[in-house]
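Asker: Need a 3D model of the sequence below.
(one chain, ligands or ions: 2)
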Amino acid sequence: MSNSEIDWDTEFADDPDYQAMSPQQRKKLLSVMEKMIDMGMAAVYGDEEDEVPDAKVDCAQCLPACQARCCTLIFALTKDEVAHGHIQHNPARPYFIARDEDGYCPHMDRQSFGCTIWEHRPLRCRRYDCRDDSMIWPEGVPVEFGSAFPGLKVSPKQTSEAS
Ligand code: SF4
Ligand code: SF4
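Answerer: Numbers count the residues shown, from 1 in each chain. Ligands and ions are numbered 1, 2, ... in the order given. Modelled structure (predicted):
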């Protein structure tokens, strides 16, 4: 996932056919696919595995530093999530989650950084654990927030001056 465009390698991380392709084949496939999506001829659904537990992250503790950067990441909603109708998707890129001009999810409360559809939030949001994501923590999780991530041993070297 990235803040500005879809990271197809992540979207297809579990797809053996995609993984077996050469970089050139992937590029060609994605170019055709993106054109089809732009022309309204194709849509992409997210594919989430069954039985994956929710992430155990104490987000409330980290929000002053992370400012819910995970709510700027782009991913596709599952068929069930789209059918349920609680979650906005991008009409120009069906069925990727909607993002507002400021890059954040339209379901995020801009004052509190909280999720306004918590009970109905996507599986991807429920399961996302940001501890190893350099897009969220480029310098690693700051030591003062290490206890928000059970089992994480944070090295003093990972103290972030950017937060
Ligand atoms: S998952 Fe990580 S980036 Fe997202 S709100 Fe929680 S601590 Fe912040
Ligand atoms: S649905 Fe909620 S948790 Fe998921 S990106 Fe939007 S605001 Fe964040």
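Asker: my guess is Met33 meets Met41, correct?
Answerer: No: using C-beta atoms under 8 Å as the test, Met33 is too far from Met41 to be in contact (9.8 Å). C-betas here are computed from N, CA, C, even on glycine.
Asker: quick one: which of the two has more around it?
Answerer: Shown here are Met33 and Met41; by other C-beta atoms under 10 Å, Met33 has more neighbours (14 against 9).
Asker: for the more buried one, what are its contacts?
Answerer: By C-beta atoms under 8 Å, 6 or more residues apart in numbering, the contact set of Met33 is Ala42, Val44.
Asker: Which pLDDT value belongs to it?
Answerer: What the model reports for Met33 is a pLDDT of 88.
Asker: Helix or strand for it, just tell me which one.
Answerer: Per DSSP states H and E, Met33 falls inside helix 23-38.
Asker: residues of that helix that come out buried?
Answerer: Within helix 23-38, the residues scored as buried using 16 or more other C-beta atoms under 10 Å are Arg26, Leu30, Glu34, Ile37.
Asker: Identify the spatial nearest neighbour of the second one, chain neighbours not counted.
Answerer: Closest residue to Leu30 apart from its sequence neighbours, by C-beta to C-beta, 6 or more residues apart in numbering: Trp8 at 5.2 Å.
Asker: ok, so what distance separates the closest residue to Asp58 other than its chain neighbours from Arg124?
Answerer: Nearest residue to Asp58 in three dimensions, chain neighbours excluded: Ala148, at 3.9 Å (C-beta to C-beta, 6+ apart). Computed as C-beta to C-beta, to the nearest Å, the Ala148 to Arg124 distance reads 19 Å.
Asker: again, but for Asp100
Answerer: Using C-beta to C-beta, one obtains 18 Å as the distance from Asp100 to Arg124.
Asker: So for those two, which residue has more residues nearby?
Answerer: A direct count of neighbours by other C-beta under 10 Å for Asp100 and Arg124 places Arg124 higher, at 18 against 13.
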